[in-house]
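>>> starting from these lines, generate the structure:
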Amino acid sequence: MAGARFLYDAAAAELAERLSLVQRRFAVGLEMNGYDGSLARAVGGQVDFLIRSEREGDWLDGTPLAVVADEELLPFANGSLDLVLSCLSLHLTNDTPGVLAQIQRALRPDGLFLTALLGGDSLQELRTCLITAEAELTGGASPRVPPFVELRDAGALLQRTGFALPVIDQDRQTVRYDTMFGLMADLRAMGMANSLTARSRRPLGRRVFLRAAEIYAERFSDRDGRIRATFDIVYLSGWKPHESQQKPLRPGSAQVSLADVLTDRSGGRG
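Sure, this is the predicted structure:
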């Protein structure tokens, strides 16, 4: 991953900065699928006990508090964590709402969830070219690039899984490559292979990839011949509900009506 970690580094730095703005310490935290632990090290001064979880035990070498686990089957008791961090891994899950629900249950009241994941139009160019080439040469197509959450749906997803005070925003990065194959090599190095259970198990032939690369160069290249790849990083944060948190006013509880405000600004009616 060392040569292709620019995207992870950018997202991890942003997550660490956002956490630093939260003026509190966390007793027990979890970093999910942080690869080499750089995010855990960056936020360690704000967490008393930080656990790392990974799908592959090799990533956890030398980590004192660690567990090998799939994020779709979290092995943590309800109400056992104060903080959960995830950087560029949740978009690879097949049941993302289910993962968020598990995280919400594992948090203590007033616990924080903070994540970065690919969303929006990420890899739209690669998706288009692979589907076009496969349909052209085989007469059918299977999803080769997983779908990503839309920004407008992200807040609803947090609320539906029980989080309070959701905050959602997005950062777009356009990365350029010599060819489509350079992009795909980086994606493999980042661990971003297609994990969809609904994907076709039939491997694409060499002809399809070559044709997809031609289409990519035709449709999504700059004047110098290099191709563009879009990465939309969606940042989400939400809190486990707690009575101390600010709550919206109940409908009908306002002390001033809109009509009164408009009357005052217009200097009276009639």
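>>> what about stretch 25-45, average pLDDT?
Averaged over stretch 25-45, pLDDT sits at 90.
>>> now do stretch 214-222
Mean predicted confidence for stretch 214-222 is 97.
>>> what of stretch 61-75?
85.
>>> who's in contact with it?
Contacts to stretch 61-75, defined as Cβ atoms under 8 Å, 6 or more residues apart in numbering, come from residues 32-33, 37, 40, 49-57, 60, 86, 89-90, 93-95, 98-99, 102-103, 106. (Glycine included, C-beta is placed from N, CA and C.)
>>> show me which residues of it are buried.
63, 66, 69, 71, 74 (16 or more other Cβ atoms under 10 Å).
>>> ok, which stretches of the protein are helices?
6-20, 38-43, 96-106, 124-138, 151-160, 180-189, 206-219, 258-266 (DSSP state H).
>>> quick one on the thing from earlier: and of the buried residues of stretch 61-75, the nearest to residue 189?
Ranked by distance to residue 189 (Cβ to Cβ), the buried residues of stretch 61-75 are led by residue 71 at 20.1 Å.
>>> separation between that closest one and residue 229?
Using Cβ to Cβ, to the nearest Å, residue 71 is found at 25 Å from residue 229.
>>> please apply the same query to residue 47.
Relative to residue 229, residue 47 is positioned 34 Å away (Cβ to Cβ).
>>> ok, now residue 63?
Distance of residue 63 to residue 229, given as Cβ to Cβ: 32 Å.
>>> so which of the buried residues of stretch 61-75 would you say is closest to residue 15?
residue 71 (16.0 Å).
>>> so which of the helices of the chain comes closest to residue 28?
helix 96-106 (10.1 Å).
>>> so how far is that closest one from its chain's centroid?
Between the centre of helix 96-106 and the centre of its chain there are 14 Å (Cα atoms, centre = their mean, to the nearest Å).
>>> now the spatially most central residue of the chain, which residues is it bridged with?
Centroid-nearest residue in the chain: residue 117, 1.3 Å away (criterion: Cα atoms, centre = their mean). With DSSP bridges as the criterion, residue 117 is bridged to residue 234.
>>> ok, it touching residue 90?
Yes. Counting by Cβ atoms under 8 Å, residue 90 is a contact partner of residue 117 at 4.5 Å.
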